[in-house]
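Trainee: Okay, predicted coordinates and the sequence, questions at the end:
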Amino acid sequence: MSEAHEILEVSGLSVDYVLDQHDVRAVDDVSFTVGRGEFLGIVGESGCGKSTLLFAVAQLLAPPARVAAGSVRFEGTNLVGLTDKQLSAIRWRDLSVVMQSAMNALNPVKSIGAQFKDALQAHGKPSRQEIAARSAEVLRMVGIDPVHLKSYPHQLSGGMRQRSMIAMAMLFTPDLIIMDEPTSALDVVAQRALMMQIKELQQTYGFAVIFVTHDMSLISHFSDRLMVMYAGQIDELGATRAIFDRPLHPYTQGLLEAFPSIHGPRVPLKGIPGSPPDLAAIPAGCRFHPRCPHAVERCTVTAPDLYPLDGDLVRCLRRQDGSLPEPNQEGSLSR
Amino acid sequence: MTSTELLRTEHLTRHFKIGGVLSRRTLHAVDDVSFSIGEREIVALAGESGSGKSTIARVLARVYQPTSGQVYFQGKPLSAFRSRRDGLRYASLVPMVFQDPFASMNPVFRVQHGILRILKLHRPDLPASQRLDEAARVFSVVGLGTDMLQRFPYELSGGQRQRVGFAQALAMRPKLILADEPVSMLDVSIRIGLLNLMAKLRDEEGVSVLYITHDIASARYVADRLIVMYAGQIAECGPIEDVLSTPKHPYTQLLLSAVPDPMAPLSQVADRGEPPKVVDPAPGCRFRWRCPLAIETCAQVTPVLAELAPGHDAACHVAQAGAGQVKAFS
């Protein structure tokens, strides 16, 4: 993808939580780009820094979190260091955010329509007719009857609330929509329906999506590229299909093997032993080595770099020198 | 069923009054649900939120009284329990493990506090001097080191806390553990460990588990039988492999088609996934508005479970009429 097509360029981004005793680095030297109309999935466990990264990209961090280094270039402008006033010109018009819990993100004492109106009036002086027309239009886009503009959030089902959040994010047809686990509170059927909707809207209106989730299988059919995060760092970044077919990092392999399938033989799974590290006490060397089945001595000493391989990026010493055993095809998702 | 029956519900119903004081509206959380759980058996109870899964668990845990219907444990009806001793005995035989491992432990006490109290209350036969040894034993069964007993809850990860939950249940020498979404709040990489623990408790300790979940794939991984709930009623139940390989009820088919599977091509699901509201329902199938196969009867008669294959029941007029395989969603 050429330079001109990239709408978001994050380079060397680090985020610290400034605490009394010491700072905790939640996002450590993360660089990636998002192309126009691209769907980037970010996967990781709780505490891996994925939500902090999103907040940093959207410049929504509040103390004690702060950007310690790096830049977030959105359509050529570095968002880091912009004032709230400068940011509010961009926010929602060019870049919008859909939060995890729509129940908390929507104002419970205002109707959906009133909240849409607020957002529209923040960027210009639309007439009442224009507000009504655009609000009804975006609700229709997500498959909700415009009569619900008069509804309050509690009158809508969980799926409809998330849909109306997405409708609100599309009021200005932004270039980038950031989504933080928008489907995690939904049931599988509603989850699937919402994913299809997001993909369809994306194809129609051409906005880019950054989609954060802890469930890799959810976005397997929807994202173009996948970024796997572990302990604040990128462990693997590459084309979604390639990662599912041939995960390069032992952590990605472990994540894929942690999902039972509803098809094929019932095989015993092991998951990944141990639990994700506390970011205040990150293991030396490779951050994954205490849980890695392939770790050798140098993994406990040398911190691996993000290394390009077959068009993907991977952070693993043994993958880099070719000594990592190929994943056992029997135990993995293939059947 | 091969195993002997441990717990059975008959026409279990639980309604809730909703709205103001003068409101006559009732929410039918659980309607006419009959199922049984055998010894050494993991039964998965699956369904979307609001389908009545947790209400069933709470009725079984005697948190709620059933509106009508009866629960039998080892042949004895729960409504016959009168004394505190009966209640305590039942609570120790059928303990509950909760969804949120962060909210279900007292943060100001060491982990051993809860488990020693359980031993004191529910195991009066056990001398006080042996309580710590017994606590260490159940901890090792669930895969926790003895040193964990001295920790405070905040020092434990989510997965470890949930293991403590199972250890506490196990300390009562239970027959049946009610596990309400025990892994849904845990990270994917450690969920499998907890599922393996449930299978181990069944195989090595002879405990049955009612595994309440919305995750069909994890149910398949660990359970022997599956009960699919829809809008407070059982849509389908049977041996889990049978239900998943030949789902009879259109709702089960819809549910299966929506499970994300990275290795299969993407199936198209037209359904929006709007769960039904079961307030003062009229007769008829509660899935009929979402069902592409609905016929006239579905709007008039509430379908009841009927056996369509050995041990495999479904509550669907269309499936029951056309003895062959119906396919609403693939």
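Mentor: Good, I have the coordinates.
Trainee: so B:Phe81 makes contact with B:Leu93?
Mentor: No. Contact criterion CB atoms under 8 Å: B:Phe81 and B:Leu93 do not qualify, at 11.7 Å. For every residue, glycine as well, the C-beta is placed using N, CA and C.
Trainee: got the contact list for A:Leu53?
Mentor: For A:Leu53, the contact set (CB atoms under 8 Å, 6 or more residues apart in numbering or on different chains) comprises A:13, A:15, A:27, A:30, A:42, A:212, A:229.
Trainee: Of these, which belong to strands?
Mentor: With strands identified by DSSP state E, the entries of the contacts of A:Leu53 that belong to them are A:13, A:15, A:27, A:30, A:42, A:212, A:229.
Trainee: Find the nearest non-adjacent residue to the first one, please.
Mentor: This means A:Leu13. Counting by CB to CB, 6 or more residues apart in numbering or on different chains, A:Gly70 is the residue found nearest to A:Leu13 once chain neighbours are left out, at 3.5 Å.
Trainee: Remind me what the helix or strand hosting the one you found packs against, helices and strands.
Mentor: Counting by DSSP states H and E, the element that carries A:Gly70 is strand A:65-74. With contacts taken as 3 or more CB pairs under 8 Å, 6 or more residues apart in numbering or on different chains; DSSP states H and E, strand A:65-74 sits against strand A:6-18, strand A:23-35, helix A:50-57.
Trainee: Any chance of a markdown table for those, columns mean pLDDT?
Mentor: Below are those laid out as a markdown table (pLDDT from 0 to 100):
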| stretch | mean pLDDT |
| --- | --- |
| strand A:6-18 | 92 |
| strand A:23-35 | 92 |
| helix A:50-57 | 90 |
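Trainee: and A:Val296, what is it in contact with?
Mentor: Contact criterion CB under 8 Å, 6+ apart gives A:Arg318 as the residues in contact with A:Val296.
Trainee: try B:Ala46
Mentor: Contacts for B:Ala46 were tallied using CB under 8 Å, 6+ apart; they are B:53, B:212-216, B:219, B:226-229, B:255.
Trainee: Give me the neighbour count for the residue of the stretch 51-200 of chain A found nearest chain B.
Mentor: Proximity to chain B, evaluated over the stretch 51-200 of chain A using CB to the nearest CB, is greatest for A:Ala190 at 3.1 Å. Applying other CB atoms under 10 Å in any protein chain shown, we find 25 residues neighbouring A:Ala190.
Trainee: now swap in B:Gln65 and tell me
Mentor: A count of neighbours around B:Gln65, defined by other CB under 10 Å, yields 9.
Trainee: Spatially central residue in the chain, please.
Mentor: Because you didn't say which chain, this covers chain A. Computing the C-alpha centroid of chain A and ranking residues by CA atoms, centre = their mean puts A:Val212 first, at 2.3 Å.
Trainee: could you do chain B instead?
Mentor: Centre-most residue of chain B, counting by CA atoms, centre = their mean: B:Ile212, 2.9 Å.
Trainee: For the residue in the stretch 1-150 of chain A positioned nearest to chain B, grab phi and psi.
Mentor: The stretch 1-150 of chain A approaches chain B most closely through A:Glu45 (4.1 Å), counting by CB to the nearest CB. Backbone torsions of A:Glu45, given as degrees, to the nearest 10, read phi -90, psi 170.
Trainee: immediately after the lowest-mean-pLDDT helix or strand in chain A, which helix or strand?
Mentor: Of all helical and strand segments in chain A, the minimum by mean pLDDT, DSSP states H and E falls on helix A:102-105, at a mean of 74. Secondary structure here is assigned by DSSP H and E; on that basis, the next helix or strand after helix A:102-105 toward the C-terminus is helix A:112-121.
Trainee: Output that following helix in PDB, but only the C-alpha positions, please.
Mentor: What follows is the C-alpha trace of helix A:112-121 in PDB, where atoms were taken according to Å, rounded to 0.1, in the frame of the first residue of the first chain:
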ATOM      1  CA  ILE A 112     -31.200   8.600  20.800                       C
ATOM      2  CA  GLY A 113     -32.300  11.400  18.500                       C
ATOM      3  CA  ALA A 114     -31.200  14.100  21.000                       C
ATOM      4  CA  GLN A 115     -27.800  12.500  21.200                       C
ATOM      5  CA  PHE A 116     -27.500  12.500  17.500                       C
ATOM      6  CA  LYS A 117     -28.500  16.100  17.400                       C
ATOM      7  CA  ASP A 118     -25.800  17.000  19.900                       C
ATOM      8  CA  ALA A 119     -23.100  15.300  17.800                       C
ATOM      9  CA  LEU A 120     -24.300  17.000  14.600                       C
ATOM     10  CA  GLN A 121     -24.400  20.400  16.200                       C
END
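Trainee: And that helix, what does it pack against?
Mentor: Identification of packing neighbours for helix A:112-121 by 3+ CB pairs under 8 Å, 6+ apart yields helix A:128-141, helix A:158-169.
Trainee: which residues are in contact with the shortest one?
Mentor: Contacts made with helix A:158-169 from outside it, assessed by CB under 8 Å, 6+ apart, are listed as A:92, A:96-99, A:102-103, A:105-106, A:112, A:115-116, A:119, A:138-139, A:141-144, A:148, A:153, A:156, A:177, A:182-183, A:185-186, A:190, A:193-194, A:197-198, A:201, B:49, B:272-274.
Trainee: re earlier: pretty sure the residue of the stretch 51-200 of chain A closest to chain B belongs to a helix, no?
Mentor: Yes. Applying DSSP: H, G, I helix; E, B strand; the rest coil, one finds A:Ala190 inside a helix.
Trainee: give me the number of residues near residue 196?
Mentor: Just going to use chain A. The local packing count at A:Met196 equals 17, with neighbours defined by other CB under 10 Å.
Trainee: Switch to chain B, please.
Mentor: By other CB under 10 Å, 17 other residues sit near B:Asn196.
Trainee: For residue 57, give me its contacts.
Mentor: No chain in the question, so chain A it is. Contacts were defined as CB under 8 Å, 6+ apart; by that measure A:Val57 touches A:8, A:10, A:13, A:72, A:79, A:178, A:210.
Trainee: Not quite, go with chain B.
Mentor: For B:Ala57, the contacting residues are B:45, B:96, B:178, B:180, B:210, B:212, by CB under 8 Å, 6+ apart.
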